[in-house]
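Chemist: Test case, fold it:
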Amino acid sequence: MKRKPLVYLICGCIGAGKTTFAKKLEEQTGAVRITKDEWSIRFIGNDPTIDGY
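Modeler: Predicted coordinates for the structure are as follows:
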């Protein structure tokens, strides 16, 4: 039987452990982890000010 696609959506307060949990989930399941923060850093660096964008 073909497996159905599965999406894990993780949200919560700052410092709650979302990224830590997501990284473990990625290792255990082979999931693809997509985060807005990590993508933004690749494009604009660590400068979140309006000038950085």
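
Chemist: so how far is the helix ranked longest in the chain off the chain centroid?
Modeler: In the chain, with assignment by DSSP state H, the single longest helix is helix 18-29. Between the centre of helix 18-29 and the centre of its host chain there is 9 Å, according to C-alpha atoms, centre = their mean, to the nearest Å.

Chemist: The helix or strand following that helix - what's its average pLDDT?
Modeler: Per DSSP states H and E, the first helix or strand lying C-terminal to helix 18-29 is helix 36-44. Average pLDDT, helix 36-44: 79.

Chemist: measure the residue positioned nearest the centre of the chain to residue 2 for me?
Modeler: Closest residue to the average C-alpha location of the chain: residue 35 at 2.8 Å, with C-alpha atoms, centre = their mean. Going from residue 35 to residue 2 by C-beta to C-beta, to the nearest Å gives 28 Å. Quick note: C-beta positions are derived from backbone N, CA and C, even for glycine.

Chemist: Report the separation between the two terminal residues of stretch 7-27.
Modeler: Using C-alpha to C-alpha, to the nearest Å, one end of stretch 7-27 lies 15 Å from the other.

Chemist: Name the residues of that stretch that come out as buried.
Modeler: residue 22 (16 or more other C-beta atoms under 10 Å).

Chemist: Give me every residue in contact with it, excluding its own residues.
Modeler: 31-33, 35 (C-beta atoms under 8 Å, 6 or more residues apart in numbering).

Chemist: so can I have JSON lines of those showing distance to residue 46?
Modeler: Shown next, in JSON lines, are the contacts of stretch 7-27 (distance: C-beta to C-beta, whole Å):
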{"residue": "31", "distance to residue 46": "26"}
{"residue": "32", "distance to residue 46": "24"}
{"residue": "33", "distance to residue 46": "19"}
{"residue": "35", "distance to residue 46": "14"}
